Every structure is written in structure tokens, then in C-alpha cells.
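1. Attaching a predicted model along with its sequence, questions to come.
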Amino acid sequence: MRVPSLVLLLTLAACATPQQQVADREDLLSAAGFVARPANTPQRVAMLRTLPPNRFTQRTNGNRFVYIYPDPLVCACIYFGDQAAYGRYRQEVLQRQIASDQLLAAQMNQQAAWEWGPWGAGPFW
């Protein structure tokens, strides 16, 4: 990803509403392999309400782990994924954090290269 695109992405993310941030997270979940199941029956709605909203919960199904991500507001659904999907999701989140950190470092380096000479010595330093 080019730096200007990354700047735009991070700027938009910083301005996003909580609902937009949840929707972005859900795009990541889908891309990682999670499957959304709507809470379209009274039983599913009741189960959705028992889970902490917009947080991962790990459950076992037989001898394997299932990761559950409930969203009662944006999609009124629960995302289900296996260990591999959760790993892909965490890897993408990590990559985005690294990109954000690199952008911040680049901005700080750009500021450090500021030429103070034309402004002279001021009362602030």
C-alpha cells in the first residue's frame, strides 16, 4: 500500500463513528473467513443478548475451538470462525497496526527534519 493511501485510510479510520468502526471490523472478519449468521429467530436473539457485544468469545464445539463475535447493532448477527479464521483476522489487525506505527514514525521523522534556522531562536527554547 502506498503511503498516501495509508494516510487516507488512517485519517478516515480516526474520523469513523463507532458504528463505522464495527462495520470495518466486520469486513475484516468476513475477509478472514468468519461467517455471519443472523439473529432471525427468538432463540438466536436471546443467545445474541447473552454474549458481550463486539467482543470475541471462544467456545468449543466437540474437539475444536470456535470464535464468536456478536454484533447486536450493525448486523444483528453473530460471526463464527475457526482457529485459522481467527489467526488470519489477528494477522491483518497486526499488519494494520504496524502500518499505523510506520506512518506515525514517518510523520515524526518529517517533523524532526524541520529547519528552524529561518525562524531564529525564540523564547520557547
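-> Perfect, I can see it now.
2. the bottom helix or strand of the protein by mean pLDDT?
-> Scoring the helices and strands of the chain by mean pLDDT, DSSP states H and E places helix 3-15 at the bottom, with a mean of 51.
3. right, and the helix or strand after it?
-> Later in the chain than helix 3-15, the nearest helix or strand by DSSP states H and E is helix 18-32.
4. quick one: contacts of the following helix or strand past that next one?
-> Next helix or strand after helix 18-32 toward the C-terminus (DSSP H and E): strand 35-38. Outside strand 35-38, the residues within contact range by Cβ atoms under 8 Å, 6 or more residues apart in numbering are 26, 29-30, 44, 75-81. All C-beta spots, glycine's among them, are computed from the backbone N, C-alpha and C.
5. Off-centre distance for strand 35-38?
-> 18 Å (Cα atoms, centre = their mean, to the nearest Å).
6. if we can go back for a sec, of the contacts of strand 35-38, just the buried ones, ChimeraX syntax please.
-> The buried subset of those, as determined by 16 or more other Cβ atoms under 10 Å, is captured in ChimeraX by this line:
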select :26,29,75,77,78,79,80,81
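7. By pLDDT, give me the weakest of the contacts of strand 35-38.
-> Across the contacts of strand 35-38, the bottom pLDDT score, 86, is held by residue 26.
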